[in-house]
Each structure stands twice: as structure tokens, then as C-alpha cells.
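1. Sequence first, predicted model second:
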Amino acid sequence: MAFAWRNVFSYNRYASICAATVRKSLKEQARLQAEKRGDIELRYAKWDNGKQGSYQNVSEAVKESS
């Protein structure tokens, strides 16, 4: 029965549910620190002629394009 969750959702979803449950059970200060670690920021850089350009955050690039 240890792997009964596999019939319902993927391992990534299982891990996400476990992480959210642990975060919710923490005291206020520890919970806030854990939530900050959970934020993900994605950056990219364009390459031209073999040289790397400056990094840009994906969320900012999406805001600029719309």
C-alpha cells in the first residue's frame, strides 16, 4: 500500500502535496521562510555570435511583451 498514490497522481504532484502540508504545519516564522524558498525565478540570456547577453527574468519579459 506504500505506493497507492501512484494510481492517482504522479510523483511530482505527490511531492508537491507533501511539501505544502509540511509548510502549512510549521509555525509562522518558519512557514514564512519556507514559503520564500519555494518561490522560483526563471532567467534567460540571449546569445548572439557566440557571446552571452544579459540575463532577463522570464516574468518581466512576459510583462513587457504584453
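-> Cool, got the structure.
2. contacts, neighbours, all on C-alpha from now
-> OK.
3. Got the phi and psi for Gly50?
-> phi 80, psi 10 (degrees, to the nearest 10).
4. neighbours of it, just the number please.
-> Gly50: 7 surrounding residues under other Cα atoms under 10 Å.
5. ditto for Tyr14
-> Counted with other Cα under 10 Å, Tyr14 comes out at 13.
6. How about Tyr11?
-> 12.
7. try the one 5 residues further on
-> By the criterion of other Cα under 10 Å, Ser16 has 12 neighbours.
8. Name the helix or strand for it, please.
-> helix 11-25 (DSSP states H and E).
9. what about that helix, average pLDDT?
-> Averaged over helix 11-25, pLDDT sits at 86.
10. Tell me which residues of that helix come out buried.
-> By neighbour count with 16 or more other Cα atoms under 10 Å, helix 11-25 contains the buried residues Arg23.
11. The first helix or strand past it going along the chain packs against which elements?
-> Remark: after helix 11-25, the chain's next helix or strand is helix 28-38, criterion DSSP H and E. The elements that helix 28-38 packs onto, with contact taken as 3 or more Cα pairs under 8 Å, 6 or more residues apart in numbering; DSSP states H and E, are helix 11-25.
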